[in-house]
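Colleague: Quick check, what structure comes out for this input:
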Amino acid sequence: MKPKLLDQVRNKIRIRHYSIRTEKTYLDWIIRYILFHQKKHPKDMGAAEVEAFLTYLAVKLNVAASTQNQALNALLFLYKEVLEMELPLLRNVKRAKRSEKLPVVFSKMEIKSIMAHLDGVYWIMGQLLYGAGLRLMECIRLRVKDVDFAYQQIIIRDGKGKKDRVTWS
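Modeller: Model prediction:
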């Protein structure tokens with residue numbers, strides 16, 4: 001007996017060693033897509049339904065462009081990798097607008113204020129995130145053996161994209 005659709009998605013994602021967060025995100029978008037189309041099976045749908053869902057996200061839900069792209073990537077993964085169906089070029093999607101705002105960067109005083117409210121492990125994590133440029137999951141997975149005090153560097157193992165890297169503090 002063939003596994004259920006979401007189990008198939010999970011298996012394909014795990015075979016490709018995607019992060020657990022990517023898995024959860026992709027599954028969430030696939031479920032939302034199926035519910036949007038009144039629980040129709042994705043193999044019975046195609047480009048028109050994908051376009052309708054992505055346009056709905058942009059027009060009705062007013063999501064950010066990166067959010068719409070994330071949903072698109074989840075659906076492309078579903079169709080290409082799991083259902084082994086090629087979707088034609090999606091030409092009729094109303095695209096979400098990219099934000100024209102500059103990113104917010106904390107000033108030194110704001111960082112000091114934030115750090116003053118942190119204690120213990122959270123203060124150490126905050127210092128590593130900000131000072132060494134670690135991502136949250138890199139910081140959480142950090143081990144003592146990854147900190148090299150002699151060279152004042154931190155070795156990040158299995159970081160984003162399953163890549164190792166070195167950062168200096």
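Colleague: Quick check: bridge partners of Q153?
Modeller: With DSSP bridges as the criterion, Q153 is bridged to D148, W168.
Colleague: continuing past the host helix or strand of Q8, what's the next helix or strand?
Modeller: Using DSSP states H and E, Q8 maps to helix 5-15. Proceeding N to C from helix 5-15, the next assigned helix or strand is helix 20-36, under DSSP H and E.
Colleague: Report the buried residues of the following helix or strand past that following helix.
Modeller: Reading on from helix 20-36 to the C-terminus, the next helix or strand found by DSSP H and E is helix 47-59. Under the neighbour-count criterion of 16 or more other CB atoms under 10 Å, helix 47-59 has 47, 49-58 buried. The C-beta positions use only the backbone N, C-alpha and C, and glycine is treated the same way.
Colleague: Closest to H37 out of those?
Modeller: E49 (5.6 Å; CB to CB).
Colleague: Distance check, the closest one against L6.
Modeller: Distance, E49 to L6, using CB to CB, to the nearest Å: 18 Å.
Colleague: Show the model's pLDDT score for the residue located most distally from the centre of the chain.
Modeller: Here the chain reaches farthest from its C-alpha mean at A150, the gap being 34.4 Å by CA atoms, centre = their mean. We have a pLDDT of 90 for A150.
Colleague: Same check on N69?
Modeller: 93.
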